[in-house]
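*Asks:* Turn this into a model:
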Amino acid sequence: MVSQRSSIVLTTETRTVNRGAILAVLLTGQFMANIDTAVANVAGPSIGADLHASEGAVGLVVSGYVVAFAVLLITGARLGSSLGYRRTFLLGLTVFTVASALCGLAPGIATLVVARFVQGAGAALMVPQVLSGIQLHFQGRDRLKALGYFSIALSGGAVAGQLLGGVLIAADIFGTGWRPIFLVNVPIGIALAVAGRRLLPADSVARRDRLDLAGVLALSTTVLLVIVPLLLGSERGWPTWSWLCLLLSLPALALFEYGERRTAARGGRPLVARQVLADRSVRAGLLAHGCTSGTYFALLFVLALYLQGGLHKGPAYSGLRHGGLGRCVRSGRTDPAAAAQGSALDASGRLPGSDCRLRVCAGLPIPGRPHRSAPVRSAGNWRAGARYQRQHPHRGGYVAHVRGVRR
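*Replies:* Residues are numbered from 1 along each chain as shown. Reported below is the predicted structural model:
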């Protein structure tokens, strides 16, 4: 009886130690995926100069990863429930690592764009398994702690991507320029795959979900028909093919909607769960997240072009400025970042103070909460940006710098 109790205690202690190692493996994968969401923003100007690529092509390098990640994320989650989270995590990690090597060795912009799409697909397979692993192996307070560390990995990865990208490009290791920002994933990915095979418990698959591959294909086609002409069409004078793509995106979207309804009518699991979207709070949250994420990532890309192409700063300065973006905006300092965000914050100041729902959908702080109101700070930040332009008229305006024109 004593030996049986001691074995139970040892098993519990071993599981506790293993849970820490499991969490470290999973969160490292999440951290890597988030880094590569942001790292290409700082590298955009360097990639364009080295590969003689247009701004639209560089935009595809940045957005290709995010598009593939977003479109395939639900499919990755369902694949994890079908094949097991461990197997799917390691598969996604392998795809992500190989694609990172292809990105770092890409001889031209076309190869880099394709590799970034594949890298995003690998991240879409890997990331959903992080929460699955936490749900499976953590209970009670331990789960809450694990989710707290998960949140740190999310935010820390986004900031580290900006800082790491700028430092690695500025270091110009062995004359490789921007390539180490992708190649650094290769040894880390290999080490993480080895650790994952040893530390992650074997899968116990209870069910197999049918994948809505037709929905994935229709949604991917719709998104590409919109993004590619918007990125490449403007710089080429809006040729005929760009307008055709935009027009074809409408029937492609209708085809996606028809396929989703047909899948649901047959008792299948469509890509978009309509019963979830029926909740008003879910719709409001998705709208808020879409607005904040869309404007945030767009700002990162444009600000990198502004700092490096307009103000002729180095990638290290750009990465450090991106990493401290929120702090410098809140401080009201007279610098380019404050000038860049002044107009957005000033627009927030015109929102009615009592309309909390409108502020949530706009992704803005709500007055009366622990954080100080955005309108209170917006006037100071906007005045700081205007004062910077008056003090430095020779530098021209923000839009003028982005478009490569001096006033």
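
*Asks:* Check whether Glu260 really touches Gly268, as I assumed.
*Replies:* No: the criterion here is C-beta atoms under 8 Å, and Glu260 misses it with Gly268 at 9.7 Å. C-betas here are computed from N, CA, C, even on glycine.

*Asks:* shared neighbours of those two, anything?
*Replies:* Contact criterion C-beta atoms under 8 Å, 6 or more residues apart in numbering; residues bridging Glu260 and Gly268 by contacting each: Asp212.

*Asks:* which of the two has more neighbours?
*Replies:* Legend: neighbour count by other C-beta atoms under 10 Å for Glu260 and Gly268, higher for Glu260 (21 against 14).

*Asks:* who touches that one in this structure?
*Replies:* Neighbours of Glu260 in contact, by C-beta under 8 Å, 6+ apart: 212, 215, 270-272, 274.

*Asks:* Remind me which helix or strand it belongs to.
*Replies:* helix 240-265 (DSSP states H and E).

*Asks:* next one: that helix to chain centre, how far?
*Replies:* 25 Å (C-alpha atoms, centre = their mean, to the nearest Å).

*Asks:* list the buried ones in it?
*Replies:* Within helix 240-265, the residues that count as buried by 16 or more other C-beta atoms under 10 Å are 242, 245-246, 249, 252-253, 255-256, 259-260, 263-264.

*Asks:* Ok, stretch 217-232 next?
*Replies:* So for stretch 217-232, counting by 16+ other C-beta under 10 Å, buried means 218-229, 231-232.

*Asks:* and the next element down the chain from the helix holding Glu260?
*Replies:* Immediately after helix 240-265, counting by DSSP H and E, sits helix 274-277.

*Asks:* any idea how this structure splits into domains?
*Replies:* 2-206, 213-270, 280-402 (automatic domain parsing).

*Asks:* Please identify the most buried of these.
*Replies:* Of all the domains of the chain, domain 2-206 carries the top mean neighbour count, a mean of 19, counting by mean count of other C-beta atoms under 10 Å.

*Asks:* and the closest residue to Leu168 other than its chain neighbours, what does it touch?
*Replies:* In space, and not counting its chain neighbours, Leu168 is closest to Pro180: 4.6 Å by C-beta to C-beta, 6 or more residues apart in numbering. Contact analysis of Pro180 by C-beta under 8 Å, 6+ apart lists 104, 168-169, 171, 173.

*Asks:* From Ala195, how far out is Pro180?
*Replies:* In this view, Pro180 and Ala195 are 22 Å apart by C-beta to C-beta, to the nearest Å.

*Asks:* hmm, who's touching stretch 41-48?
*Replies:* 40, 53-55, 57-59, 61-62, 109, 112, 161-162, 165-166, 169, 177-178, 181, 297, 300-301, 304-305, 308-309, 315, 318-319, 322.
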